[in-house]
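Visitor: Below is the sequence, then the predicted model.
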Amino acid sequence: MSGDTNTAKKDGLRVLFPTLIYEAWYPEFAEQEQKLVAYVEQMREQDEEGRRISDKQYPSGYTSYFTRSTLFNEAELSAPVKFFHRCAENFARDHHWDTTNFQPVINALFANINPKHSFHPEHLHPYSHISGVFYIKCDADSPAIGFKDPRMARWMMPPAADGTRPENSFHAKLAPEAGKLFLFPSWLEHGVAQNQSDRERISMSFNFEMRQKQKS
Ligand SMILES: [Fe+2]
């Protein structure tokens, strides 16, 4: 008697070389929201050098990237940083990376404020494996983060798509939401369009590298 081969073989698509984005919501956000917003706003007030460099390198906006990029050492941010680590561990594990011998370690964390008219041109994050963004203030009119399709060869002759899958576009946009985080491969180009809203958009950006675990 022959077995049912229909369950063993199934016609369909197989996924190769996907670009995976992880999304998660910070469970303690509601109780920390005001504190986090105040923390970043106060930092902008105090960071004179950062404001000066931002004027040249980040027009209309403020970023602590040039002056305070190791915010993961700050005691006030230890709870969200722990959350970022948890998410990065999930990202690495779900990609089936070697999490027996390596672990994600944060190596940069900085804050960004985008008032009206500021924008962030496309870029990527060198010297890291996992990059991410965490939104602490935004609204329905805040601009989305846009990811550029990294498969350059696809630009040769793309077939018409039915419009239901953002990954079929060359620039996939994901809307920000306060308390939400996105993780993505550090090599993936991304940027943020000009903020047209009167409300400031505040985010924190960070990088993780997969570092060899210490042998005990
Ligand atoms: Fe970025």
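Guide: Now that the structure is in, tell me what you want to look at.

Visitor: Assign the most centrally placed residue in the chain to helix, strand or coil.
Guide: Compute the mean C-alpha point of the chain, and by C-alpha atoms, centre = their mean the closest residue is residue 132, 2.6 Å away. Following DSSP: H, G, I helix; E, B strand; the rest coil, the label given to residue 132 is strand.

Visitor: if I look at it, how far off is residue 144?
Guide: 15 Å (C-beta to C-beta, to the nearest Å). Using the backbone N, CA and C atoms, a C-beta is placed for each residue, glycine as well.

Visitor: Over to residue 11?
Guide: Distance from residue 11 to residue 144, by C-beta to C-beta: 36 Å.

Visitor: Ok, residue 60 next?
Guide: Where residue 144 is concerned, residue 60 sits at a distance of 18 Å (C-beta to C-beta).

Visitor: and if you look at residue 113?
Guide: 17 Å.

Visitor: just for this protein, where's the confidence low?
Guide: Judged by pLDDT under 70, the chain has its weakly predicted residues at 1-7.

Visitor: in this structure, which spans are helices?
Guide: With DSSP state H applied, the chain shows helices at 29-46, 48-57, 78-94, listed in chain order.

Visitor: re earlier: for residue 113 and residue 144, indicate the residue with more neighbours.
Guide: The residue with more neighbours, out of residue 113 and residue 144, is residue 113; 23 against 14, by other C-beta atoms under 10 Å.

Visitor: Spit out the contact partners of residue 204.
Guide: 40, 71, 80, 109-112, 133-134, 136 (C-beta atoms under 8 Å, 6 or more residues apart in numbering).

Visitor: again, only this time at 7 Å
Guide: Residues counted as contacts of residue 204 (C-beta atoms under 7 Å, 6 or more residues apart in numbering) are 109, 111, 134, 136.

Visitor: residues contacting the first one?
Guide: It refers to residue 109. 69-72, 81, 204, 206.

Visitor: Closest one to residue 126 out of those, please.
Guide: Closest approach between the contacts of residue 109 and residue 126, by C-beta to C-beta: residue 69, at 13.1 Å.

Visitor: what bridges to the residue nearest to that closest one when sequence neighbours are not counted?
Guide: Leaving aside its sequence neighbours, residue 69 sits nearest to residue 110 (C-beta to C-beta, 6 or more residues apart in numbering; 4.5 Å). For residue 110, the beta-bridge partners are residue 205 (DSSP bridges).

Visitor: Just to check, residue 110 is in contact with residue 68?
Guide: Yes: under the criterion of C-beta atoms under 7 Å, residue 110 makes contact with residue 68 at 6.3 Å.

Visitor: Tell me which of those two has more neighbours.
Guide: Legend: neighbour count by other C-beta under 10 Å for residue 110 and residue 68, higher for residue 110 (22 against 18).

Visitor: That concludes my questions; thank you for your assistance.
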